[in-house]
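1. Just a sequence and a predicted model for now, questions to come.
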Amino acid sequence: MRTDNFEAPDYYLLDELLTDEHKLIRDSVRAWVKKEISPIIEDYAQRAEFPRHIIKGLGEIGAFGPALPAEYGCGGMDQITYGLIMQELERCDSGIRSTASVQGSLVMYPIYKYGSEEQRKKYLPKLASGEWMGCFGLTEPDHGSNPGGMTTNYKDMGDHYLLNGAKMWISNAPFADIAVVWAKNEEGRIKGIIVERGMEGFSTPETHNKWSLRASATGELVFDNVKVPKENLLPNIEGLKGPLGCLDSARFGIAWGVVGAAMDCYDSALKYSLQREQFGKPIASFQLQQKKLAEMVTEITKMQLLVWRLGTLKNDDRASTAQISMAKRNNVEKAMWIAREARQIHGGMGITGEYPIMRHMMNLESVVTYEGTHDIHLLITGMDITGISAFR
Amino acid sequence: MKILVCVSQVPDTTTKITFTPDNKSLNTAGVQFIINPYDELGITKALELNEQTGGGTVTVITIGGVDTEPNIRKALAMGADDAVRIDAEPTDAFFVAQQIANYAASQNFDLIFTGRESIDYNGGQVGGMIAELMNLPHVNVITAITVNGNTGTVERDIDGGREVVEVTTPFLVSAQKDLCEPRIPNMRGIMTARTKPLQVIAANGSEKRTEVAQFQAPAPKSGVKFIDPNNMDELVSLLHNEAKVL
Ligand SMILES: Cc1cc2nc3c(=O)[nH]c(=O)nc-3n(C[C@H](O)[C@H](O)[C@H](O)COP(=O)(O)OP(=O)(O)OC[C@H]3O[C@@H](n4cnc5c(N)ncnc54)[C@H](O)[C@@H]3O)c2cc1C
Ligand SMILES: Cc1cc2nc3c(=O)[nH]c(=O)nc-3n(C[C@H](O)[C@H](O)[C@H](O)COP(=O)(O)OP(=O)(O)OC[C@H]3O[C@@H](n4cnc5c(N)ncnc54)[C@H](O)[C@@H]3O)c2cc1C
């Protein structure tokens, strides 16, 4: 792996819209990523292994729940800070960002938002530091885009709940200490329940042979008559709006994160095109390559503006689910397009691990599918503007 | 130990340097300023020394305008306890050294760090001047330091080897690369930096001993020329007429 000389494009001087503290955090995360993750990421991705030794550092840099309150060991920062951290992690690798997104938005956020004070105190500080890692179990083998159809369920046994079912495609599952699991109660209502590693009947087999998010561990959650203490139920939420609320927060982070992946592809392509000579001159001097580069930086600038505005809305608690869907969908699509164009600019070198492009490109194939597929987000916008749902 | 670290801010290393039309100052439009990398080493080492003994304080001082405050906050986020900014334009090394010496005179620091040089103007003068003004022992360009009681043991790389110097507190050192790995601020550091004290003091006196007459950008590098090994005459002629080194 070559040294990470990434420089971020800021064509519209958007740094001027950030506070000094935003920039300090972003630059610190960027420096930390360059030092700790960039040198090893290619190797871990090639071996399809999550670099577990970085978890403590991720906690220290503030990647886990930075926008949750400081009294629970979190950062107490704003939403733009959260977005910038996700951008910097995904600038290196979507898999690393996924681990942080899941921990912060899908595990810590529901415990904070829907949990009891005892649950917050028990779990949040340890999750913020990375001492404990969590995962989020919503998707099932037969219920992906339609999570409301889930069959995982629990029964009230008097002094405990009895949980049965299976979840699939769960990020962090193979090493997670706890899982926030969405399951139906005896009335068929969806509730959140915290399952801990070591509970009898709970196992987390790893999903192998992925061509995408190779540096992130994915697995199943299998519940075979798992006895879960009653105090592990999240008391303050019922119905699909529980998991969907978490997804709003995570999708917001993804919309920022993929800006990072896009910037990395662009930066690498720009530098490569200035160095690589064909026909006696740098390939950057050919119009076709300039068109690609110019369009890339244009799209990145639009992506940056979109998430910045979304961040200010979210800071005021005014970002709607549909607005977040639009940003997730648009930015992932543009990042994928940028990765493909950048891949071509690198010629044959673009398919090797010498450059991050192909890794980003493959990673984004998961990002476009998880947290609501590309199609589903389009249908959310469609429903929002017409008032008619087209997905049922 | 009570440690003072002198911190200057310099243009980011990737900056494309241009000058104002009169060629008397750096064109700062769009330039990102960072903490002088050698000063980051000083901050880090100061923190490490105190962490080893489990006590003491680290103060950072900058001579500069309000635009230096984001970098001062960064120094606090790295772990420094408090900061002083002397509100003046730092355009002259003697002036800077005198301001720092004035401030430090009443503070009883055990140890003062500067960088070996600022990576922008590369004067390499401020540290030596502060030491002289305060009558302190000065060891420059150091790559290792330990302090035991009142005795500091300091290492410097010298031609073909290494010099180990013993020195008694209070003393001043200037940091060289390899002294340590610069610390990256973490979330907790950034959160606590918000409320750490940053004292702004007016400059004392205004004597500046130098004035920049003009800056010039270096001539653009010419490309590499390949010369046939059998054609030594051409090589000699190029070295003589073009490179003008013979
Ligand atoms: C690497 C990875 C990590 C993941 N991590 C997690 C995790 O941590 N936790 C978790 O709960 N889940 C996770 N997921 C699961 C992810 O959220 C689902 O894959 C996603 O919701 C899509 O579900 P599905 O794969 O079953 O596809 P399906 O829902 O079967 O969709 C297949 C295709 O049909 C389309 N489609 C479906 N319904 C409609 C409709 N009504 N109208 C039009 N088109 C439609 C979709 O857009 C898609 O193109 C992860 C997935 C991956 C790949
Ligand atoms: C023409 C000119 C214009 C300048 N304009 C600006 C400006 O606009 N904004 C700005 O911030 N700086 C400005 N500087 C200051 C410059 O960045 C240096 O800080 C200062 O000139 C000392 O330079 P030096 O190379 O002699 O320092 P050196 O002697 O090489 O520095 C060695 C060490 O001394 C300490 N030190 C140096 N300067 C300072 C300082 N200012 N405060 C605290 N410790 C210090 C540091 O520890 C540094 O590592 C300007 C300098 C010049 C010559």
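-> Cool, the structure landed. Numbering: from 1, shown residues only, chains lettered A, B, ... in the order given. Ligands and ions are numbered 1, 2, ... in the order given.
2. Give me the nearest residue to B:Leu179, chain neighbours excluded.
-> B:Leu41 (4.6 Å; C-beta to C-beta, 6 or more residues apart in numbering or on different chains). The way it works is simple: take the backbone N, C-alpha and C, and place the C-beta from them, glycine included.
3. elements contacting the helix or strand that contains B:Glu69?
-> Following DSSP states H and E, one finds B:Glu69 within helix B:69-78. Packing partners of helix B:69-78 (3 or more C-beta pairs under 8 Å, 6 or more residues apart in numbering or on different chains; DSSP states H and E): helix A:20-36, strand B:33-35, helix B:37-53, strand B:57-63, strand B:82-87, helix B:187-193, strand B:198-202.
4. And for the third one, what's in contact with it?
-> Meaning helix B:37-53. With contact meaning C-beta atoms under 8 Å, 6 or more residues apart in numbering or on different chains, helix B:37-53 is reached by B:1, B:3, B:5-8, B:10, B:13, B:35, B:56-58, B:60, B:75, B:78-80, B:111, B:113-119, B:145-147, B:174-177, B:179-183.
5. Mark which of those are buried, thanks.
-> For these, a neighbour count by 16 or more other C-beta atoms under 10 Å in any protein chain shown gives the buried set as B:1, B:3, B:5-8, B:10, B:35, B:56, B:58, B:60, B:75, B:78-80, B:111, B:113-119, B:145, B:147, B:174-176, B:179-180, B:182-183.
6. Filter the residues you listed down to just the ones in strands.
-> Within these, residues falling in strands by DSSP state E are B:3, B:5-6, B:10, B:35, B:58, B:60, B:111, B:113-115, B:145, B:147, B:174-175.
7. and the helix holding B:Glu69, average pLDDT?
-> Per-residue pLDDT over helix B:69-78 has a mean of 98.
8. Roughly how far does the residue in the stretch 51-200 of chain A that ligand 2 sits nearest to sit from A:Pro356?
-> The stretch 51-200 of chain A approaches ligand 2 most closely through A:Leu84 (25.6 Å), counting by C-beta to the nearest ligand atom. To A:Pro356, A:Leu84 is 19 Å away according to C-beta to C-beta, to the nearest Å.
9. what's the model's confidence in stretch A:184-199, averaged?
-> On average, the pLDDT along stretch A:184-199 is 98.
10. for stretch A:150-161, same thing?
-> 97.
11. now the strands: where do they sit in the stretch 51-200 of chain A?
-> Secondary structure of the stretch 51-200 of chain A (DSSP state E, counting those that start in this stretch): strands located at A:134-137, A:153-156, A:160-171, A:178-184, A:190-196.
12. any idea of the angle the fourth one forms with strand A:160-171?
-> Which is strand A:178-184. Relative orientation of strand A:178-184 versus strand A:160-171 (axes from the mean of the first three to the mean of the last three C-alpha atoms, to 10 degrees): 110 degrees.
13. So for the spatially closest residue to B:Ala105 that is not a sequence neighbour, what's the pLDDT?
-> Distances taken as C-beta to C-beta, 6+ apart put B:Met134 closest to B:Ala105, at 6.6 Å, once the chain neighbours are dropped. pLDDT for B:Met134: 98.
14. Give me the neighbour count for A:Ile283.
-> 20 (other C-beta atoms under 10 Å in any protein chain shown).
15. I figured it was touching A:Ser273, is that so?
-> Yes. Between A:Ile283 and A:Ser273 a contact is recorded at 5.0 Å, counting by C-beta atoms under 8 Å.
16. what's the spacing between the closest residue to chain A within chain B and ligand 2?
-> Here the residue of chain B nearest chain A is B:Met187; by C-beta to the nearest C-beta that distance is 2.8 Å. Computed as C-beta to the nearest ligand atom, to the nearest Å, the B:Met187 to ligand 2 distance reads 27 Å.
17. got it, and B:Asp92?
-> 7 Å.
18. Please list all residues in contact with that residue.
-> Counted by C-beta under 8 Å, 6+ apart, B:Asp92 has contacts B:Lys208, B:Arg209, B:Thr210, B:Glu211.
19. Identify the residue spatially nearest to it, adjacent ones excluded.
-> Take B:Asp92 and drop its neighbours on the chain: the residue closest to it by C-beta to C-beta, 6+ apart is B:Lys208, 3.9 Å away.
20. and if you look at B:Ile61?
-> Leaving out its chain neighbours, the residue that sits closest to B:Ile61 by C-beta to C-beta, 6+ apart is B:Val84, at 4.6 Å.
21. Could you do B:Leu76 as well?
-> Nearest residue to B:Leu76, sequence neighbours excluded (C-beta to C-beta, 6+ apart): B:Ala193, at 3.9 Å.
22. Just list the residues touching the residue of the stretch 51-200 of chain A closest to ligand 2, thanks.
-> Contact partners of A:Leu84, counting by C-beta under 8 Å, 6+ apart, are A:Leu18, A:His22, A:Ile25, A:Arg26, A:Val29, A:Trp256.
23. if we can go back for a sec, wait, a strand at the residue nearest to B:Asp92?
-> No. Assessed with DSSP: H, G, I helix; E, B strand; the rest coil, B:Lys208 is coil; it does not lie in a strand.
24. wait, it sits on B:Thr91?
-> Yes. Assessed by C-beta under 8 Å, B:Lys208 is found in contact with B:Thr91 at 6.6 Å.
25. need the contact list for residue 176.
-> With no chain named, the answer covers chain A. A:Met133, A:Gly134, A:Cys135, A:Arg197, A:Thr204.
26. Chain B is the one I meant
-> With C-beta under 8 Å, 6+ apart, B:Gln176 has these contacts: B:Tyr38, B:Leu41, B:Arg116, B:Val141, B:Ile142, B:Thr143, B:Arg156, B:Asp157.
27. That one - nearest residue in space that isn't next to it in sequence?
-> Of all residues not flanking B:Gln176 in the chain, B:Val141 sits nearest, at 4.5 Å (C-beta to C-beta, 6+ apart).
28. Let me know the secondary structure of that neighbour.
-> Going by three-state DSSP, the secondary structure assigned to B:Val141 is strand.
29. same question, B:Glu211
-> B:Glu211 ends up coil, using three-state DSSP.
30. Against B:Thr28, how distant is it?
-> 19 Å.
31. So for those two, which residue has more residues nearby?
-> Taking neighbours as other C-beta under 10 Å, B:Glu211 and B:Thr28 compare with B:Thr28 leading, 13 against 8.
32. Can you name the helix or strand that that one falls in?
-> Using DSSP H and E, no helix or strand contains B:Thr28.
33. For ligand 1, what's its nearest residue on the stretch 1-150 of chain A.
-> Using C-beta to the nearest ligand atom, the closest approach of the stretch 1-150 of chain A to ligand 1 is made by A:Gly144 at 1.8 Å.
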